[in-house]
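1. Below is the structure, and that's it, no one-letter string:
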């Protein structure tokens with residue numbers, strides 16, 4: 001399998017880049033498309049469809065094909081994978097029947113591939129992404145390989161989109177099912193945010209709504225720990241500060257902790273809604289704002305993936321949380337460059353609203369403030 005990555009700031013630039021990539025006779029069959037919500041999705045899909053290329057796409061909070069990050073652009077990974085080795089599925093979930101939808105997709109994939117793996121992207125911030133993952137597990141088993149992200153929208157937090165050749169949705173899922181008998185796909189999800197302080201107990205929560213930690217309103221204990229100022233509804237930057245720098249780390253019996261930043265505050269009881277489920281009685285710790293060690297841990301995680309599971313790769317796809325670029329800023333380029341240098345193959349990346357993968361030694365889960373690197377190789 002041969003891969004090429006292209007990018008541009010307009011449909012015209014992408015058209016030229018696509019033509020140049022195919023000038024030597026290269027004929028891609030699949031395009032993974034990460035693009036700004038401001039760009040013309042229909043035009044991009046039409047261009048690729050006319051070239052006979054299947055489309056897996058989502059909108060982002062920024063995109064890249066090398067260490068230079070962009071915003072407002074279009075980035076595409078082209079693959080000439082055998083058409084018999086993959087299927088693309090597109091489903092919407094207006095009834096919020098997430099688990100049912102992905103179970104149905106997985107069942108269909110099993111009719112084609114004895115051992116399917118999945119590459120997914122979902123849209124809408126209300127989506128329970130872990131329910132999406134559970135649907136695949138129900139159909140294929142706990143060891144199923146699933147990697148993906150939740151789409152972004154240039155940090156507007158309004159409408160995010162997933163799309164394929166002829167369909168687009170702000171409340172749906174696009175999925176590539178791969179034949180693992182023919183295509184090797186391995187990934188690693190690494191956070192790097194350091195935990196600090198004592199282990200605390202979530203004393204009241206419902207799903208992703210956390211009310212109290214150690215019998216104290218979660219906003220109050222976060223304010224005290226972080227030394228936050230101007231903690232009021234008038235502070236427009238408060239949520240981003242909490243999410244990016246003072247996230248909760250949910251401790252796990254198996255595998256690394258997962259990040260659960262607060263995303264929406266209920267000012268009546270000073271509780272907040274996290275990015276994913278935080279069970280009542282679970283153990284949490286707070287996080288330190290990131291430093292260079294965060295990037296080093298991610299790069300070492302990818303190096304370990306190469307050393308232990310994936311010595312060679314044809315292409316690399318990176319889902320990095322939008323909160324990472326908010327926290328790390330220009331330093332983010334160092335992390336991306338370090339990741340690319342591990343295999344030095346064509347790469348595509350985006351800044352997502354959530355990352356869907358298996359943490360080191362853990363289960364399939366939704367992550368935040370995490371970088372998920374997925375390497376692909378034809379056997």
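-> Received the coordinates, thanks. Please read all numbers here as calculations on a predicted model, not as lab measurements.
2. Quick check, pLDDT for residue 38.
-> For residue 38, the model assigns a pLDDT of 97.
3. So it is in contact with residue 154, correct?
-> Yes. If you go by Cβ atoms under 8 Å, residue 38 and residue 154 touch, sitting 6.6 Å apart. C-beta coordinates here come from the backbone N, C-alpha and C atoms, glycine included.
4. Give me the more crowded residue out of these two.
-> residue 154 (18 against 12; other Cβ atoms under 10 Å).
5. Tell me the secondary structure of that one, please.
-> coil (DSSP: H, G, I helix; E, B strand; the rest coil).
6. Against residue 36, how distant is it?
-> As defined by Cβ to Cβ, to the nearest Å, residue 154 lies at a distance of 6 Å from residue 36.
7. Common neighbours of residue 38 and residue 154, please.
-> residue 72 (Cβ atoms under 8 Å, 6 or more residues apart in numbering).
8. any weak-confidence spans in the stretch 201-350 of the chain?
-> 254-255, 275, 289-291 (pLDDT under 70).
9. Please identify the buried residues of stretch 219-239?
-> Residues of stretch 219-239 classed as buried by neighbour count (16 or more other Cβ atoms under 10 Å): 219, 221-223, 226, 228, 231, 238-239.
10. biggest separation within these, which pair?
-> 221 and 239 (16.4 Å; Cβ to Cβ).
11. what pairs with the closest residue in space to residue 284 that isn't next to it in sequence across the strands?
-> Closest residue to residue 284 apart from its sequence neighbours, by Cβ to Cβ, 6 or more residues apart in numbering: residue 248 at 4.6 Å. Beta-bridge partners recorded for residue 248 (DSSP bridges): residue 260, residue 286.
12. Which members of the buried residues of stretch 219-239 occur in helices, if any?
-> Mapping the buried residues of stretch 219-239 onto helices (DSSP state H) picks out 219, 221-223, 226, 238-239.
13. and the residue nearest to residue 257 when sequence neighbours are not counted, how many residues sit next to it?
-> Residue nearest to residue 257 in three dimensions, not counting chain neighbours: residue 249, with 4.2 Å by Cβ to Cβ, 6+ apart. Using other Cβ under 10 Å, the number of residues around residue 249 comes to 23.
14. thinking residue 260 is in contact with residue 247, fair?
-> Yes. If you go by Cβ under 8 Å, residue 260 and residue 247 touch, sitting 6.6 Å apart.
15. what residues are shared contacts of the two?
-> Common neighbours of residue 260 and residue 247 (Cβ under 8 Å, 6+ apart) are residue 368.
16. now the ones in helices among the buried residues of stretch 219-239 in TSV, with distance to residue 165?
-> Shown next, in TSV, are these (distance: Cβ to Cβ, whole Å):
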residue	distance to residue 165
219	45
221	48
222	44
223	48
226	46
238	41
239	36
